[in-house]
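Trainee: Need a 3D model of the sequence below.
(chains A and B)
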Amino acid sequence: MTTKGEKRIVSEEDKIFAKNFNIMDHPDIPTGLPPHLQLQRTRVLCKNDAPIHTASVTYSGAYNAVGVDNSVKLENFSENFKVDVIQLSKDGMELTFDMIGIDAAIANAFRRILLAEVFLVILVLQFPTMAFEKVFIANNTSIVQDEVLAQRMGLVPIAADPKLFEYLSENDQPNEKNTIVFKLHAKCAKGEGRKKVLTKELIWLPKGSELVKESGDSNSKPKTYTSFSRSQKESFPEFADNPISPSYPDILIAKLGPGQEIELEAHAVKGIGKTHAKWSPVATAWYRMLPEVILLGEVEDEDAERLVKACPENVFDIEDMGNGRKRATVARPRDCTLCRQCVRPNYGEEVNKGVEEKEWIENVSLRRVKNHFIFKIESTGSLPPDVLFTEAVKILEDKCERVIANLS
Amino acid sequence: MEHGSFTNDSDASFTLAEEDHTLANAVRFMLNQDPRVTLAGYSIPHPSLECVNVRVQTTGDPAREVLKDACQELMLMNRHVRSVFDKAVSEFKVEQARLAAEEEEKKKAEEEAIKKQRDLLASMDIESD
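Mentor: Residues are numbered from 1 along each chain as shown, chains lettered A, B, ... in the order given. Now for the predicted structure:
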């Protein structure tokens, strides 16, 4: 026992040990967030009536009291970010991929840019695309009104790369660098049955418009609605052998009865989805968070059978435990559509009169992982979906640059 | 456009013209991750006007610098996303091409086997004749 007056000699080793000692290195001390906080931070819990913990905790100092840093620094992000391509459809128009390690704010920014801001040449948000803007109707005796026909023409997707063309502003003349001209002449003879007018009857005119503008002079060359100086086949060698055409040849434009005729010329220009949805390059683009299905307790025998039968997406499977006993396991959590049949009273089955209805079943916990997104992009045909996504990311970068330039 | 005070430049509001939720939400997220920031938020005064107000309050650093840094980090993040995505897509396409080539080979091998059998049967018929 030390008595008063006895001094303890502190050696150099003790001093070094004291300096380097950190309580957090001790093996018994838990590091990181306690499990219930980690659950709140990374998972959306989909309860019976509504999901909870949906907002992501973005504030960097949120967990300072526990000693955990909540910021997403660039190095951590670069290490943890992953992209897995799941599926690319045969015609290359639909792409499904997973993005892991990113936040909802940025994933949503990508989705919004894909829908509205990628230019599309006609038929085309910051993604430019090409779409029919002016339709010159020479003859229309069908029952589809002129303006309705023009609106339908505008929505037809055209397979032409918008990067090859320039914008047409109000003061410009339509020339071969900013306009694509198509012709449509469909007729249904008397005595024939009803005829369908499909997009494959749209013929590309590489030399420009053929409709003549009325002018006073009869001596000079007749003026048309476009001033093409060269055939587009020369100025765009890509189109010399494969003519420009709509993305799909079997889109129905109008139906003609006997004796009806449509004769029109349509001019396509470059635009973005923000101005009009016809210029949007994607049929649609959406994402969902990765579902996670956890069984909170053992589900055995008869209950297991009912659970497996209840799920319309076959998320659960039966596992034999030996001794004839069965157990339910989660086999395909990715397919879960959150229909909540597995948590309804009696698994959604009909209740016979006289049988007591049970409360909501608490066997299954339906969750979503907050930073794992399953993206699906469906393109209309002018650009493949992976190019579209890369362009969308570039556009977000450009926006940031513009803000930085404005601030400096 | 920055609305702040001349004496205290750690709190300021910025007006971004021709922007909407797309950029504003992403920038707000990046600002929140920065430990120097005490408050970060955005609002859209009216949906018909294309303009966003971003409010930044920091622990001492000038708000304009912090906003610039957040935009810079967002840009770098985007570049990283793009490179990872491109790599993943090209790997996937290579894998698909390889699988398609394997299937082609398998089909050819099967066809050859069927042809050989047919030839064998044909030659057997001639013998029995």
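
Trainee: Residue 24: how many residues sit nearby?
Mentor: I'll assume chain A. For A:Met24, the tally of surrounding residues (other Cβ atoms under 10 Å in any protein chain shown) stands at 8. In this view, the C-beta of every residue, glycine as well, is placed from N, C-alpha and C.

Trainee: I was thinking of chain B, sorry if that wasn't clear
Mentor: The number of residues packed near B:Ala24 is 20, by other Cβ under 10 Å.

Trainee: pretty sure it contacts B:Val52?
Mentor: Yes - B:Ala24 lies in contact with B:Val52 (Cβ atoms under 8 Å); the separation is 4.4 Å.

Trainee: Now for those two: what residues contact both?
Mentor: Residues touching both B:Ala24 and B:Val52 (Cβ atoms under 8 Å, 6 or more residues apart in numbering or on different chains): B:Leu16, B:Tyr42, B:Ile44.

Trainee: What's the ChimeraX line that selects buried ones from those residues?
Mentor: Per 16 or more other Cβ atoms under 10 Å in any protein chain shown, the buried members of these correspond to this ChimeraX selection:
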select /B:16,42
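
Trainee: dump the residue contacts of A:His102.
Mentor: Quick fix: residue A:102 reads Ile, not His. Residues in contact with A:Ile102 (Cβ under 8 Å, 6+ apart) are A:Phe81, A:Asn371, A:Phe373, B:Val81.

Trainee: Redo those residues as TSV? Include pLDDT, secondary structure and distance to A:Asp386.
Mentor: Compiled in TSV, these are given as follows (pLDDT from 0 to 100; DSSP: H, G, I helix; E, B strand; the rest coil; distance: Cβ to Cβ, whole Å):
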residue	pLDDT	secondary structure	distance to A:Asp386
A:Phe81	86	coil	17
A:Asn371	85	strand	22
A:Phe373	89	strand	16
B:Val81	89	helix	13
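
Trainee: For A:Phe165, state which of those residues is nearest.
Mentor: Taking Cβ to Cβ as the measure, B:Val81 is the one of the contacts of A:Ile102 closest to A:Phe165, at 28.0 Å.

Trainee: Tell me how many other residues crowd the closest one.
Mentor: 25.

Trainee: again with the one 5 residues further on
Mentor: Around B:Asp86 there are 15 other residues, counting by other Cβ under 10 Å.

Trainee: follow-up on the earlier one: among the shared contacts of B:Ala24 and B:Val52, name the ones that also lie close to chain A.
Mentor: Taking Cβ under 8 Å from any Cβ of the partner chain, the overlap between the shared contacts of B:Ala24 and B:Val52 and the neighbourhood of chain A is B:Leu16.

Trainee: Now flag whichever of the shared contacts of B:Ala24 and B:Val52 is closest to chain A.
Mentor: The nearest member of the shared contacts of B:Ala24 and B:Val52 to chain A, counting by Cβ to the nearest Cβ, is B:Leu16 at 6.3 Å.

Trainee: which ones are touching the closest one?
Mentor: B:Leu16 makes contact with A:Val403, A:Asn406, B:Leu23, B:Ala24, B:Cys51, B:Val52, B:Asn53, B:Val54 under the criterion Cβ under 8 Å, 6+ apart.

Trainee: swap in A:Met289?
Mentor: Applying Cβ under 8 Å, 6+ apart, we find A:Met289 in contact with A:Val44, A:Arg368, A:Val369, A:Lys370, A:His372, A:Phe373, A:Ile374.

Trainee: would you say it is within a strand?
Mentor: Yes - counting by DSSP: H, G, I helix; E, B strand; the rest coil, A:Met289 falls inside a strand.

Trainee: Would you point out which residue is most central in the chain?
Mentor: This is for chain A. Against the mean C-alpha coordinate of chain A, by Cα atoms, centre = their mean, the closest residue is A:Ala285 at 2.3 Å.

Trainee: was after chain B, sorry
Mentor: B:Val81 (4.9 Å).

Trainee: Name the nearest residue to that residue, sequence neighbours excluded.
Mentor: A:Val393 (5.6 Å; Cβ to Cβ, 6 or more residues apart in numbering or on different chains).

Trainee: pLDDT wise, what is the residue in the stretch 151-300 of chain A positioned nearest to chain B at?
Mentor: Closest residue of the stretch 151-300 of chain A to chain B, Cβ to the nearest Cβ: A:Lys274 (9.6 Å). A:Lys274 carries a pLDDT value of 77.

Trainee: Looks like it contacts A:Ala116 (just checking).
Mentor: Yes - contact criterion Cβ under 8 Å: A:Lys274 and A:Ala116 qualify, at 5.2 Å.

Trainee: who has more neighbours, these two?
Mentor: A:Ala116 (20 against 17).

Trainee: gap between A:Ala159 and A:Glu319?
Mentor: Using Cβ to Cβ, to the nearest Å, we find A:Ala159 at a distance of 50 Å from A:Glu319.

Trainee: helices or strands up against the longest helix along chain A?
Mentor: The residue-count maximum for a helix in chain A (DSSP state H) belongs to helix A:385-407. Using 3 or more Cβ pairs under 8 Å, 6 or more residues apart in numbering or on different chains; DSSP states H and E as the contact criterion, the elements in contact with helix A:385-407 are strand A:94-100, helix A:104-116, strand A:282-295, strand A:364-379, strand B:11-17, helix B:21-33, helix B:63-128.

Trainee: and A:Lys19, which of these is closest to it?
Mentor: helix B:21-33 (32.3 Å).

Trainee: Next, the distance between the ends of stretch A:294-308.
Mentor: Distance across stretch A:294-308, first residue to last, is 14 Å (Cα to Cα, to the nearest Å).

Trainee: And that stretch, what's buried?
Mentor: Neighbour-count burial for stretch A:294-308 flags A:Leu295, A:Val299, A:Asp303, A:Ala304, A:Arg306, A:Leu307, A:Val308 (criterion: 16+ other Cβ under 10 Å).

Trainee: could you dump the residues you listed to JSON lines with secondary structure?
Mentor: As requested, the buried residues of stretch A:294-308 are arranged in JSON lines below (three-state DSSP):
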{"residue": "A:Leu295", "secondary structure": "strand"}
{"residue": "A:Val299", "secondary structure": "coil"}
{"residue": "A:Asp303", "secondary structure": "helix"}
{"residue": "A:Ala304", "secondary structure": "helix"}
{"residue": "A:Arg306", "secondary structure": "helix"}
{"residue": "A:Leu307", "secondary structure": "helix"}
{"residue": "A:Val308", "secondary structure": "helix"}
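
Trainee: okay, those residues in JSON lines with pLDDT and distance to B:Ala63 next?
Mentor: Shown next, in JSON lines, are the buried residues of stretch A:294-308 (pLDDT from 0 to 100; distance: Cβ to Cβ, whole Å):
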{"residue": "A:Leu295", "pLDDT": "85", "distance to B:Ala63": "49"}
{"residue": "A:Val299", "pLDDT": "76", "distance to B:Ala63": "54"}
{"residue": "A:Asp303", "pLDDT": "78", "distance to B:Ala63": "58"}
{"residue": "A:Ala304", "pLDDT": "80", "distance to B:Ala63": "58"}
{"residue": "A:Arg306", "pLDDT": "81", "distance to B:Ala63": "59"}
{"residue": "A:Leu307", "pLDDT": "81", "distance to B:Ala63": "54"}
{"residue": "A:Val308", "pLDDT": "82", "distance to B:Ala63": "57"}
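
Trainee: out of those residues, what pair is the most spread apart?
Mentor: With Cβ to Cβ as the measure, no two of the buried residues of stretch A:294-308 lie farther apart than A:Leu295 and A:Arg306, at 13.7 Å.

Trainee: host element of A:Lys196?
Mentor: Taking DSSP states H and E as the criterion, A:Lys196 maps to strand A:195-198.

Trainee: Next, the buried residues of that strand.
Mentor: A:Lys195, A:Val197, A:Leu198.

Trainee: Can you tell me the strand partners of it and which way each runs?
Mentor: strand A:252-256 (antiparallel) (DSSP bridges).
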